[in-house]
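Q: I would like the atomic coordinates for the input below:
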Amino acid sequence: LGAYLEKQRAQFPRFYFVGDDDLLEIIGNSKAPVQSIRHMPKMFAGISSMKLSEDSKSILGMGSREGEEVKFTRVINVEDTKSVQDWLIGVENLMRTT
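A: Numbers count the residues shown, from 1 in each chain. Here you go, the predicted model:
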């Protein structure tokens, strides 16, 4: 199990900021971003929430602790990604470009 988690962390280095139990929860709910929202502040200092579509299958933007919301320039469809790392990389990239 330890080697598997280390491999996941190597694929997405921000996973080093979450504990093993949290990482297993994130990976286990890879197609359900609503389950991963509570772990976002551990991986991204400026994000406390994500704005999701009504069906919770698309990520539309991000929110800060101060209540500021930023809409992404494009939508991340979680079901179109192969893994949780893919949509988290999408969030990371859109943070930079939005």
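
Q: confidence score at Gly46?
A: Gly46 is assigned 89 on the pLDDT scale.

Q: got a list of what it touches?
A: 62, 64, 95 (CB atoms under 8 Å, 6 or more residues apart in numbering). Yep, even glycine has a C-beta here, placed from its N, CA and C like the rest.

Q: What about those residues, which are in helices?
A: Met95 (DSSP state H).

Q: out of the contacts of Gly46, which is most surrounded?
A: The most neighbours of any of these, using other CB atoms under 10 Å, belong to Met62, which has 22 neighbours.

Q: quick one: it from Leu88, how far?
A: 12 Å (CB to CB, to the nearest Å).

Q: Pull the residues that contact the worst-scoring helix or strand of the chain on mean pLDDT.
A: For the chain, counting by mean pLDDT, DSSP states H and E, helix 33-36 ranks last in confidence among helices and strands (a mean of 92). By CB under 8 Å, 6+ apart, the surrounding residues in contact with helix 33-36 are 25-26, 29, 50, 52, 56, 59, 78, 84, 87.

Q: May I see the buried residues of it?
A: Across helix 33-36, burial judged by 16 or more other CB atoms under 10 Å covers 33, 36.

Q: Let's see that helix as CSV, backbone CA atoms only.
A: C-alpha atoms of helix 33-36 as CSV (Å, rounded to 0.1, in the frame of the first residue of the first chain):
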residue,chain,number,x,y,z
PRO,A,33,-15.1,15.8,-6.7
VAL,A,34,-17.6,16.8,-4.0
GLN,A,35,-15.9,14.2,-1.8
SER,A,36,-12.5,15.7,-2.4
